[in-house]
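In: What shape does this take:
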Amino acid sequence: MAPPKDLSSHLSNEVKLRNPSNLKELFKYFRDPSKVSLGGGLPLPTYFPFENVSVTAQSSDGTETINFSVSKYEQGSDGVEDILLSESLQYGHSAGVPILVDFVKQHTKTIHNPPYDGWDCVITVGSTHSLDSCLRMLTNPGDTVLAEEFTFSSAAETIRSQGLHIMAAPMDLQGMLPDKLEELLANWDSSVPGKKGMPIPRVMYIIPTGQNPTGSTVSLERRQKIYAICQKYDIVILEDEPYYFLQMEHYDPDHPQSPEVPAEVKNDPDRQQKFLQKLVPSFLSMDVDGRVLRMDTFSKVLAPGTRLGWITCNPLFAERLIRQHEVSVQTPAGFSQTLVFGLLNRWGQSGYIDWLIRLRYEYTARRDCAMQAIDKYISKKVSSYIAPEAGMFFWIRVDATKHPEFKELGGKGVETLLFGKLLESGLVIVPGRWFLSATPDTEYAEDNTAAYYRGNFASVPSEALERGIKLFGDVLNREFGL
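Out: Below is the predicted model of the structure:
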């Protein structure tokens, strides 16, 4: 395979000034038993009060539990390599403990197999930290970042807080629209209203799969077109994929999915290959230039509180990210690295994929439960939705023009009014305007007659999920006189 393109022109002023830490460079000597190390500021592990950590976790197929213990100095008797506490709780590796990095690199190769030489993975403190690090590396205050018209509100705040402009790229319920993106960039003029003073974007932030908030998933054809446009305009892609493995089958209202993995799937020796073949290919998998920084996380597939993720990118970007981490987070939390790697290494690469297969059935069943409740309780006379095929969110459009106060309030006013009524009824759901990327809490650019709401079908038991959707329907019935 060919090496990645030289993308050094994309580096920010801040990251260009970062140099390797001299003290970090000494780390390679600290673990050399032939040397007496008096050079570092490392406390002796003897003074760490934690002698061992014992874990009871689920097996990769969820049918039983597994138990393991990680000690300070000695590997366990089960023959599985662990990150010992004397290493993980010490000042350490800013890219992550090497054996954990190796695991996620093998996983990334299996799933995405980036098509250029030298790509690498850097462990991070979850996706929000990944985004913050990437933006600091690639942008200067005043630069412009492309994002989907609706996007994760915390991501938008991260972008704006660094003094960056956001330009919203039009989208529909299948994600970003390539033709509209091309039109936006081809006609860029920093002097016209809406773009005044905004340089043409050099970075794109996108959630391609199970998008937050809309639940949309970008097809392979659209991904290929978007990637080609980014090549044409020399744009670096920040591919944020927390929901990538929560892809589902099409919704069939007559045959709702059971949360259990069917026996014929469990017993199929080709089940993992079939699962991987159904995943929409990633931007990383088509990245011949090395212009994609893919941000993965364990938050949605293990637990958010692990605060562990990783960035896959070209070697230039990886090295610069490490330089940032050396003087910021230093290294991800040692307990998290020890516990997560201990579990993953006992599951193995194959077992981890089996765990992801299990999640697919669990999330599909929860999605189906939500869709059936929407069909049952929410009137189609004033609302519409599309069943998501990935992620954990459903997105409902309400026709605000049919509300008796629309002429007085407009779409935004109706959305705000309904949000208050929903809270009064006991339902917490999020209004769509909170997710507008470029101009939050304003009218929708293409649809000022709508009120949108994002719900989560994965955060409560099925009974509560159905009850919440019924509350939504009851409020609409009262407010619209149905």
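In: only C-alpha atoms for contact and neighbour calcs from this point on.
Out: OK.
In: I figured Asn212 hits Phe152, correct?
Out: Yes: Asn212 lies in contact with Phe152 (Cα atoms under 8 Å); the separation is 5.4 Å.
In: Give me the more crowded residue out of those two.
Out: A count of neighbours by other Cα atoms under 10 Å puts Asn212 above the other of Asn212 and Phe152, at 23 against 19.
In: how about the more buried one, what does it touch?
Out: Listed by Cα atoms under 8 Å, 6 or more residues apart in numbering, the contact set of Asn212 reads 150-152, 391, 393.
In: Need the max-distance pair from those residues.
Out: With distances taken as Cα to Cα, the most widely separated pair in the contacts of Asn212 is Phe150 and Gly391, at 15.3 Å.
In: Just the buried residues of the helix or strand harbouring Glu183, please?
Out: Taking DSSP states H and E as the criterion, Glu183 maps to helix 178-186. Neighbour counts using 16 or more other Cα atoms under 10 Å place 178, 181-182, 184 of helix 178-186 among the buried residues.
In: Which of the helices and strands in this protein ranks last by mean pLDDT?
Out: Within the chain, no helix or strand scores below helix 27-30, which has a mean of 67 by mean pLDDT, DSSP states H and E.
In: Am I right that Ile206 is in contact with Val236?
Out: No: Ile206 is beyond contact range of Val236, at 10.9 Å (criterion: Cα under 8 Å).
In: what do the two both touch?
Out: With Cα under 8 Å, 6+ apart, Ile206 and Val236 have no common neighbours.
In: now the closest residue to Lys195 other than its chain neighbours, what's its secondary structure?
Out: Leaving aside its chain neighbours, Lys195 sits nearest to Asp189 (6.8 Å; criterion: Cα to Cα, 6 or more residues apart in numbering). Per DSSP: H, G, I helix; E, B strand; the rest coil, the secondary structure class of Asp189 is coil.
In: so what are the domain limits for the protein?
Out: As given by automatic domain parsing, the domain ranges for the chain are 8-358, 378-480.
In: Confirm Pro193 sits in a helix?
Out: No: looking at Pro193 with three-state DSSP, it is coil, so not inside a helix.
In: Let me know the pLDDT of it.
Out: For Pro193, the pLDDT comes out at 73.
In: Can you pull the phi and psi angles for it?
Out: Dihedral angles of Pro193 (phi, psi; degrees, to the nearest 10) stand at phi -60, psi 140.
In: Begin at 2 from now on, thanks
Out: Yes, from this point I'll number from 2; that puts the last item at Pro194.
In: Now for it, how many residues are close by?
Out: For Pro194, the neighbour count with other Cα under 10 Å is 8.
In: Show me how far stretch 205-212 is from its chain's centre.
Out: Distance of stretch 205-212 from the chain centroid (Cα atoms, centre = their mean, to the nearest Å) equals 8 Å.
In: Quick one: low-confidence residue ranges for this structure.
Out: 24-32, 40, 441-447 (pLDDT under 70).
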